[in-house]
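J.: Please work out how this folds:
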Amino acid sequence: MRPWIESTWQHIQHDLEGPRVPHAWCLTGAWGLGLATVSDRLVARLLCPDVREQSACGRCQSCRFLMQGAHPDRLKLTAEGAAGRIRIDAVRDAIALVYSTSTLGQGRVIEVTPADALNTEASNALLKVVEEPPVGTRFVFSTHLPGALLPTLRSRMRRIDLSLASWDAVCAEGVRIGLSEAQVSRGQWLLQEPFVGHDDPSRLAEAEVVLKTLQSVATGADPQWGANQIKGLSPILVLTVMVRIVESCLHGQADSAGCARRFGPEAFQAPFPEASGLFQLLDRIHAQRMPTARGIAHMALPGFGSLLAVWSHLWSKVQRP
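T.: Numbers count the residues shown, from 1 in each chain. Below you'll find the model as predicted:
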């Protein structure tokens, strides 16, 4: 287990051994640094009837079901579809389930991840059952954006923040699991997921495609060609990488060497486009994210083409020495 997770687990363990065990947790932190690991460990601990050394035993029927991904008393609500939202129908099914008898006798656990994928309707539907759950029902919410949850829902949970990790510790862990420091850095700066090269190499590869496309368009490639290069990728991933790169170019106004460290010296070099234009492009990227966040379908190809046209125009105005 990654070293900084242990201190977080001790906070959770203190709750589990206290006189009043919470019925709902809100785990917050960066996904790429172990948030999912903490959530999985807590769920296993809550469902295991034979806890040993502060953790699930790993051998009982409950633990075996969890390892197989088929535990009858664990229900996971997660984002679905291109919109990346938790469906209200899935929330209603979960609410109906918590009022039934658990199969293995250790109660039920409802996971909500990422919790910021709940819209207002789904959050309100969960509010009452989180406030007054049936006996034996526990909730584990996970999010890197706790402020996106309804305050009334957030206030009914025990919040646990994932312990911070130094960059040296992150790099050391990446090397330990087989990544190069360059892969750790690229995963962090493109997706805020330093270990994505180990956990989901295809996701890092797709982020690299977006990076290379933006690099090509910045140096003269046709924006519509660029849109065709990324049209088959997840819209949310594409827009996330775009945001990260544009933000880095803004930072590059003051620290061009930092931008090179993040994406490699071949990617983007000073001088950068004017800050005012980059801020306007950021606004447009975020505006395109809004329909997706609300579950409204949009045509990714024309949208990407428009964003890349602005990107191309900004770089064409840069005066090279």
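J.: Now do Asp93, the pLDDT please.
T.: On the pLDDT scale, Asp93 is placed at 89.
J.: count of neighbours near it?
T.: 12 (other Cβ atoms under 10 Å). For glycine as for every other residue, the C-beta is placed from the backbone atoms N, C-alpha and C.
J.: Same question for Gly187.
T.: Gly187: 27 neighbours (other Cβ under 10 Å).
J.: Ile110 now?
T.: Neighbours of Ile110 (other Cβ under 10 Å): 25.
J.: Give me the buried stretch members for the helix or strand containing it, please.
T.: Assigned by DSSP states H and E, Ile110 belongs to strand 108-113. The neighbour-count check on strand 108-113 (16 or more other Cβ atoms under 10 Å) flags 108-113 as buried.
J.: Just the C-alphas of it, formatted as CSV.
T.: Output in CSV follows, covering the C-alpha atoms of strand 108-113 (Å, rounded to 0.1, in the frame of the first residue of the first chain):
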residue,chain,number,x,y,z
ARG,A,108,-25.0,-3.4,3.2
VAL,A,109,-22.5,-0.9,1.9
ILE,A,110,-23.5,1.6,-0.8
GLU,A,111,-20.5,3.2,-2.6
VAL,A,112,-20.9,6.4,-4.5
THR,A,113,-18.0,7.2,-6.7
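J.: Determine the set of other helices and strands touching that strand.
T.: When contacts are defined as 3 or more Cβ pairs under 8 Å, 6 or more residues apart in numbering; DSSP states H and E, strand 108-113 packs onto helix 35-47, strand 74-78, helix 88-98, strand 137-143.
J.: Distance-wise, check Val140 relative to Asp40.
T.: 9 Å (Cβ to Cβ, to the nearest Å).
J.: between the two, which one's more packed in?
T.: Neighbours per residue, other Cβ under 10 Å: of Val140 and Asp40, the larger number sits with Val140, 24 against 17.
J.: Low-confidence bits of the protein, can you list those?
T.: Low-confidence segments of the chain, defined by pLDDT under 70: 1, 81-83, 256-267, 289-302, 320-321.
J.: ok, and what's touching the host helix or strand of Ser185?
T.: Assigned by DSSP H and E, Ser185 belongs to helix 181-191. Defining contact as Cβ atoms under 8 Å, 6 or more residues apart in numbering, one finds that helix 181-191 is touched by 32, 170-171, 174-175, 179, 193-197, 203-204, 207-208, 210-211, 237, 240-241, 244-245, 248, 261-264.
J.: Quick one, which of the residues you listed are buried?
T.: For the contacts of helix 181-191, a burial check counting by 16+ other Cβ under 10 Å picks out 32, 170-171, 174, 179, 193-197, 203-204, 207-208, 210-211, 237, 240-241, 244-245, 248, 262-263.
J.: ok, now which ones touch Pro134?
T.: Contacts of Pro134 (Cβ under 8 Å, 6+ apart): 98-99.
J.: do the same with Cys63
T.: By Cβ under 8 Å, 6+ apart, the neighbours of Cys63 are 44, 47-48, 56-57.
J.: Let me know the closest of those residues to Leu77.
T.: Closest approach between the contacts of Cys63 and Leu77, by Cβ to Cβ: Leu47, at 16.4 Å.
J.: That closest one against Met67, yeah?
T.: No - the criterion here is Cβ atoms under 8 Å, and Leu47 misses it with Met67 at 11.8 Å.
J.: Please put the alpha-carbon coordinates of stretch 169-184 into PDB.
T.: The C-alpha coordinates for stretch 169-184 follow below in PDB (Å, rounded to 0.1, in the frame of the first residue of the first chain):
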ATOM      1  CA  ALA A 169       7.400  10.300  -2.400                       C
ATOM      2  CA  VAL A 170       5.100  10.100  -5.400                       C
ATOM      3  CA  CYS A 171       8.100   9.600  -7.800                       C
ATOM      4  CA  ALA A 172       9.600   7.000  -5.500                       C
ATOM      5  CA  GLU A 173       6.400   5.100  -5.500                       C
ATOM      6  CA  GLY A 174       6.100   5.300  -9.200                       C
ATOM      7  CA  VAL A 175       9.600   3.900  -9.700                       C
ATOM      8  CA  ARG A 176       8.800   1.100  -7.200                       C
ATOM      9  CA  ILE A 177       5.800   0.000  -9.300                       C
ATOM     10  CA  GLY A 178       7.800   0.100 -12.500                       C
ATOM     11  CA  LEU A 179       7.200   3.500 -14.000                       C
ATOM     12  CA  SER A 180       9.900   6.000 -15.100                       C
ATOM     13  CA  GLU A 181       9.900   9.400 -13.500                       C
ATOM     14  CA  ALA A 182       8.900  10.800 -16.900                       C
ATOM     15  CA  GLN A 183       5.800   8.600 -16.900                       C
ATOM     16  CA  VAL A 184       4.900   9.700 -13.400                       C
END
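J.: quick one: that stretch to chain centroid distance?
T.: Relative to its chain's centre, stretch 169-184 lies at 19 Å (Cα atoms, centre = their mean, to the nearest Å).
J.: same thing with stretch 41-50?
T.: The chain centroid and the centroid of stretch 41-50 are separated by 23 Å, computed with Cα atoms, centre = their mean.
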